[in-house]
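[1] quick one: sequence plus predicted model below, questions after.
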Amino acid sequence: MTTRTASRTIEDTMIDPSLGLPTITMAVPMPGFPAHREFVLVRLNEDGLLYAFTSTEDPDLRFLVAPPEPFFPDYAPEIEADVFAALNTKDADRLLLLTVITAGANETTANLMAPIVVDRDSMRAMQVVLSGSGYPVRAVLNPVY
Amino acid sequence: MLVLTRRSGESVMIGDTVVITVLEARGDVIRLGIQAPRDVQVHREEVYRELQASNREAASPTQDEVRAVSKMLHSPTTSD
């Protein structure tokens, strides 16, 4: 109960006026994008299956992301305690897992080795490298039927 | 490149907070222990480079690519 009340307060104060979406702060920048710390999650379809993780500092920078569950039902990455610490996570159930999608001419792939983990209470996120997990950086993404 | 010689059990410091300790050296395999603050990410270089390349490739897809992926991930009733 207390967690829920706290989360509402945090989200209310972090609303970005230009987009009307809560700002997500990277606890650690994404590899390759050291200068980009703040993002918003823009929903791209009604199913809630595709989002654009969009930089607020540079709206031209965005990543297609999706919740992995519908596409990779067996995907169950283990999140280490140091990630909880970096995201100020109090309740692991409030973590949102998003996989980064690479749209290619021939195939579309999902990065299962390094999902973006968002704490919906602290609104902090990081791309977690699951080293030693054996999950691929480029897993072919197939439509859900 | 700075080159230092260390024995097992000895360390080097990078800045004030990162400590790298040689735990064991056996032939061409060397085990390192790394102590770093939480906001300093430590990765094997090849893993980091692969992730960096993958992120750069994934960044800022074109409108057509977004449309194609969105269509692909849509429920079957709306596709084609």
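    Received the coordinates, thanks. These numbers come from a predicted model, not from an experiment.

[2] and chain B, which residues reach chain A?
    In this structure, chain B approaches chain A at residues B:38-39, B:41, B:43-44, B:47-48, B:50-62, B:65-66, B:68-70, B:72-76, B:79, judged by C-beta under 8 Å from any C-beta of the partner chain. No exception for glycine: its C-beta is placed from N, CA and C like everyone else's.

[3] switch to 7 Å and redo it
    B:38-39, B:41, B:43-44, B:47-48, B:50-52, B:54-61, B:65-66, B:68-70, B:72-76 (C-beta under 7 Å from any C-beta of the partner chain).

[4] buried ones among the residues you listed?
    Listed as buried from the residues of chain B next to chain A are B:41, B:47-48, B:50-51, B:54-55, B:57-61, B:65-66, B:68-70, B:72-74; burial here means 16 or more other C-beta atoms under 10 Å in any protein chain shown.

[5] would residue A:101 count as being in a helix?
    No. Under the criterion used here (DSSP: H, G, I helix; E, B strand; the rest coil), residue A:101 is strand, not part of a helix.

[6] my read is that it contacts residue A:138, right?
    No. Using C-beta atoms under 7 Å, residue A:101 is not in contact with residue A:138, being 10.3 Å away.

[7] who's more crowded, those two?
    Between residue A:101 and residue A:138, residue A:101 has the larger neighbour count (other C-beta atoms under 10 Å in any protein chain shown), namely 26 against 18.

[8] can you dump the C-alpha coordinates of the least confident helix or strand in chain B by mean pLDDT into PDB?
    Least confident helix or strand, chain B: helix B:63-73 with a mean of 87, by mean pLDDT, DSSP states H and E. Only the C-alpha atoms of helix B:63-73 are listed here, as PDB (Å, rounded to 0.1, in the frame of the first residue of the first chain):
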ATOM      1  CA  GLN B  63       9.300   5.200 -40.500                       C
ATOM      2  CA  ASP B  64       9.100   2.300 -42.900                       C
ATOM      3  CA  GLU B  65      10.900   0.000 -40.500                       C
ATOM      4  CA  VAL B  66       8.700   1.100 -37.600                       C
ATOM      5  CA  ARG B  67       5.600   0.500 -39.700                       C
ATOM      6  CA  ALA B  68       6.900  -3.000 -40.700                       C
ATOM      7  CA  VAL B  69       7.700  -4.000 -37.200                       C
ATOM      8  CA  SER B  70       4.400  -2.600 -35.900                       C
ATOM      9  CA  LYS B  71       2.500  -4.600 -38.500                       C
ATOM     10  CA  MET B  72       4.400  -7.700 -37.700                       C
ATOM     11  CA  LEU B  73       3.700  -7.500 -34.000                       C
END
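
[9] and it, what other elements does it pack with?
    Contacts defined by 3 or more C-beta pairs under 7 Å, 6 or more residues apart in numbering or on different chains; DSSP states H and E place helix B:63-73 against strand A:62-66, strand A:95-103.

[10] cool, thanks, talk later.
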